[in-house]
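Visitor: show me how the following folds:
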Amino acid sequence: MNSWPYIVLIVAIVFTASTIRRISENRNARKDDNPDTEDLLAKIDVLEDRIRVLERIVTERKYDLEREINSL
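Guide: All right, here's what the predicted structure looks like:
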C-alpha cells in the first residue's frame, strides 16, 4: 500500500500546527490597536480547531488502515 500521502499529510499538519502555535505565542506578546486584530485572532482560533480535527481524522484513518492490514 502506498503510505506517502499519509506521511505528507502528517508532516503538513505538524508544520501548520507549529506555525499556528508560534503565531499565537506572538499575538500574546504583541498587542496592537488595529481593529482587525480581533478578527484575525478569531480566524486563528478557528484554524487551530480545524487542525485538531484534521489530526484526529488522520490518526483514526491510519489506525483503521493498520487494523485492516493486520486482519488480512
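Visitor: C-alpha only now, for contacts and for neighbours.
Guide: Fine.
Visitor: list the buried ones in stretch 14-32?
Guide: By neighbour count on 16 or more other C-alpha atoms under 10 Å, the buried set for stretch 14-32 is 17, 20, 24.
Visitor: go on, stretch 36-55?
Guide: In stretch 36-55, counting by 16+ other C-alpha under 10 Å, buried: 44, 48, 51, 55.
Visitor: next up, identify which helix or strand the second one is on.
Guide: Secondary structure assigned from DSSP states H and E places residue 48 in helix 36-71.
Visitor: elements contacting that helix?
Guide: Other helices and strands packing on helix 36-71, by 3 or more C-alpha pairs under 8 Å, 6 or more residues apart in numbering; DSSP states H and E, are helix 4-29.
Visitor: how far does the helix it packs on sit from its chain's centre?
Guide: Centre-to-centre, helix 4-29 and its host chain are 6 Å apart (C-alpha atoms, centre = their mean, to the nearest Å).
Visitor: begin at 16 from now on, thanks
Guide: All set: I'll call the first residue 16, so the last point we hit is now helix 19-44.
Visitor: run the angle between the helix-or-strand element of the chain with minimal mean pLDDT and helix 19-44 for me.
Guide: Every helix and strand in the chain was compared by mean pLDDT, DSSP states H and E; the lowest is helix 51-86, with a mean of 81. Helix 51-86 and helix 19-44 meet at an angle of 150 degrees, taking axes from the mean of the first three to the mean of the last three C-alpha atoms, to 10 degrees as the criterion.
Visitor: now do the contacts for residue 24.
Guide: Residue 24 makes contacts with residue 73, as judged by C-alpha atoms under 8 Å, 6 or more residues apart in numbering.
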